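*Asks:* Okay, here's the prediction I keep looking at, along with the sequence it came from:
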Amino acid sequence: MAELKAVIFDMDGVIIDSEPIYFEIERDLFDELGLDISQREHESFVGMTMEGLWERVTAKYQLEETIQDLTRLHKDSAFQYMSEAKELPIVEYIKELLEKLKSRKIKIAVASSSPKNLIEIILTKLNLHDFFDLIISGEEVEKGKPAPDIFTEASRRLNINPNSCVVIEDSTNGVKAAKAAMMKCIGFQNINSGNQDLSTADIIVDSIGEIDAKLLKNLF
């Protein structure tokens with residue numbers, strides 16, 4: 001029978017309450033490009049890589065700019081914001097959960113669609129970098145979420161069977177990816193991440209503070 005050996009965290013919306021920041025950056029980029037993208041459509045991009053977002057937008061709106069140029073612009077804007085911010089909005093109770101997992105010798109990973117340099121700067125600024133046994137970016141796998149690639153690769157690098165991993169996700173795309181990777185999934189209903197359908201998660205919480213040893217054990 002499977003037992004918990006690793007917890008894999010999404011970063012944006014789970015560790016850092018960053019979706020409002022990204023919504024603003026992306027909204028500015030959409031405005032610059034003359035795009036009229038609804039809030040609902042915008043929310044459907046949550047959890048995707050930047051490249052994946054621009055692939056979808058370019059295909060739908062027939063943009064002249066290349067996906068590479070748009071992705072670079074997006075990365076630069078996000079990196080500049082995160083680098084210059086004096087303080088970043090950490091998700092409540094996340095540090096306490098990381099401390100509990102560390103004390104129980106459970107492996108901890110970040111599997112984020114964000115670029116690697118952005119993950120590094122955010123975790124360092126939040127003083128959380130040292131908690132993680134593995135940090136993996138959507139740039140390091142062939143297909144981004146909702147494909148399972150990033151979680152499958154995380155379990156491979158941790159040398160832990162997927163059915164002994166729990167993923168914590170706040171987006172529809174992320175939950176789909178976790179379940180496709182044959183992992184248990186906790187859906188975190190972060191109100192700042194927009195309207196996300198987390199119904200396929202094994203359990204849904206409204207606060208990271210609800211996640212404890214008993215809840216994790218009950219998933220297996």
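*Replies:* All right, it came through fine.

*Asks:* and Leu126, what is it in contact with?
*Replies:* Shown in contact with Leu126 (Cβ atoms under 8 Å, 6 or more residues apart in numbering): 15-16, 88, 90. Backbone N, C-alpha and C define where each C-beta goes, glycine included.

*Asks:* go again using 6 Å as the cut-off
*Replies:* Applying Cβ atoms under 6 Å, 6 or more residues apart in numbering, we find Leu126 in contact with 88, 90.

*Asks:* Phi, psi for it please.
*Replies:* phi -90, psi 0 (degrees, to the nearest 10).

*Asks:* before we move on, what about Val166?
*Replies:* According to degrees, to the nearest 10, Val166 has phi -120, psi 130.

*Asks:* Just the pLDDT for it.
*Replies:* As predicted, Val166 sits at a pLDDT of 98.

*Asks:* burial measure for it, as a count.
*Replies:* Neighbourhood size, Val166 [other Cβ atoms under 10 Å]: 24.

*Asks:* Correct me if wrong: it contacts Lys5.
*Replies:* No: the pair Val166 / Lys5 is not scored as a contact, 9.3 Å apart, by Cβ atoms under 6 Å.

*Asks:* Relative to the whole chain's centre, how far out is stretch 115-124?
*Replies:* 12 Å (Cα atoms, centre = their mean, to the nearest Å).

*Asks:* Hmm, I typed the wrong one, I wanted stretch 14-27.
*Replies:* The answer for stretch 14-27 is 11 Å, by Cα atoms, centre = their mean.

*Asks:* mind listing what's buried in it?
*Replies:* Across stretch 14-27, burial judged by 16 or more other Cβ atoms under 10 Å covers 14-19, 21-23, 25-26.

*Asks:* got the domain boundaries for this protein?
*Replies:* Using automatic domain parsing, the domain ranges for the chain come out as 6-17+89-218, 19-84.

*Asks:* List the pairing partners of the helix or strand containing Ile108 within its sheet, with orientation.
*Replies:* Under the criterion of DSSP states H and E, Ile108 resides in strand 107-112. According to DSSP bridges, strand 107-112 has the following sheet partners: strand 6-9 (parallel), strand 134-137 (parallel).
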